[in-house]
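> heads up, no residue letters with this:
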């Protein structure tokens, strides 16, 4: 049995619902969920026996078969679910120990990126991996400072800001901004620019997701909503849970239990 995080877009949800409806085994198991399980495993159809150990965790919601808060994936979609779109492999890079921030938005990574003709600023919280992105009015330090002020008004000004060596971050105006708000500015070294890896990885994810979503009529806000509601990985929950201790309603499929307040281990 292959399961997938329940944080999926409406388009993906429709695909999983259709595949579930066309899967005889999942239909059989969903029927057992609705009507009740046989008392003994030997009375089950052979195709349903792999679900025996998980029967107490199975439920049905919106045309999907769920195990806890995860989707049970139809065989037809398992290859792409085992290797989901958006998961990327990176060539090995030197590793540097990174201290865990004391609180959310204590330390942030920033970067600038361009999607044909339009410049964007990206900010990522090191603690929760919560991404923020904003379209820039220009490529000056003043434009970057303006958008950072908008972001930090909502989340608090960080104690440390990591950036690349772009001229916008290396100007006297930007250094005055950091000094005014007691922000320690750290830039990646020219010899190893990848030391701003968190921002660069997130930029790559945002750019690829945004380009793909634009073809589906989606906006940058929709991309950010999906990323904030997608599990970070390595056993960690979504950025929304790490930052706000709750998943976000709207746009993605969550059970009511998944939307309730959640304690997160330190």
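Structure received. Bear in mind that the values here come from a model prediction, so they are computed numbers and not experimental data.
> C-alpha from now on. contacts and neighbour counts both.
Noted.
> right, and the helix or strand after the helix or strand containing residue 202?
Residue 202 is part of helix 197-214, with elements assigned from DSSP states H and E. Remark: after helix 197-214, the chain's next helix or strand is helix 220-228, criterion DSSP H and E.
> quick check: buried residues in the helix or strand just after that following helix?
Later in the chain than helix 220-228, the nearest helix or strand by DSSP H and E is helix 239-244. Buried residues in helix 239-244, counted by 16 or more other CA atoms under 10 Å: 239, 240, 241, 242, 243, 244.
> from residue 232, how far off is the second one?
Looking back up the chat, that one is residue 240. 10 Å (CA to CA, to the nearest Å).
> the fourth one too?
Remark: distance between residue 242 and residue 232 (CA to CA) = 9 Å.
> so what's the closest residue to residue 183 other than its chain neighbours up against?
Of all residues not flanking residue 183 in the chain, residue 159 sits nearest, at 4.7 Å (CA to CA, 6 or more residues apart in numbering). By CA atoms under 8 Å, 6 or more residues apart in numbering, the contact set of residue 159 is 106, 107, 182, 183, 184.
> can you select the buried ones from those residues in ChimeraX?
The ChimeraX command for the buried members of the contacts of residue 159 (criterion: 16+ other CA under 10 Å) is given here:
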select :106,107,183
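> of the contacts of residue 159, which belong to strands?
107, 184 (DSSP state E).
> mind picking the one among the contacts of residue 159 that's closest to residue 210?
Using CA to CA, residue 107 comes nearest to residue 210 of the contacts of residue 159, at 25.0 Å.
> low-confidence ranges, the stretch 51-200 of the chain, go.
Along the stretch 51-200 of the chain, segments meeting pLDDT under 70 span 68-69, 78-100, 188-200.
> strands of that one, residue ranges please.
For the stretch 51-200 of the chain, strands defined by DSSP state E, counting those that start in this stretch occupy the ranges 58-61, 64-67, 70-72, 107-115, 118-125, 131-135, 160-163, 184-187.
> of all those, which one comes closest to residue 207?
strand 107-115 (7.2 Å).
> list the neighbouring strands of that closest one plus their orientation.
Strand partners for strand 107-115, identified by DSSP bridges, are recorded as strand 118-125 (antiparallel), strand 160-163 (parallel).
> let's have these in TSV, adding mean neighbour count.
Converted to TSV, the strands paired with strand 107-115 look like this (neighbours: other CA atoms under 10 Å):
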stretch	mean neighbour count
strand 118-125	21
strand 160-163	22
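> distance check, the residue nearest to residue 183 against residue 104.
Distance from residue 159 to residue 104, by CA to CA: 11 Å.
> what's the local residue count around residue 129?
25 (other CA atoms under 10 Å).
> find the nearest non-adjacent residue to it, please.
Closest to residue 129 by CA to CA, 6+ apart is residue 239, at 5.6 Å.
> distance of the one you found relative to residue 206?
Distance, residue 239 to residue 206, by CA to CA: 14 Å.
> and residue 17, by the same measure?
26 Å.
> looking at the two, which is more packed in?
residue 206 (22 against 18).
> straight-line length of stretch 52-59, end to end?
13 Å.
> quick revisit: okay, the strands of the stretch 51-200 of the chain in CSV with distance to residue 27 next?
What follows is those, written out as CSV (distance: least, CA to CA, whole Å):
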stretch, distance to residue 27
strand 58-61, 10
strand 64-67, 9
strand 70-72, 11
strand 107-115, 43
strand 118-125, 42
strand 131-135, 38
strand 160-163, 50
strand 184-187, 55
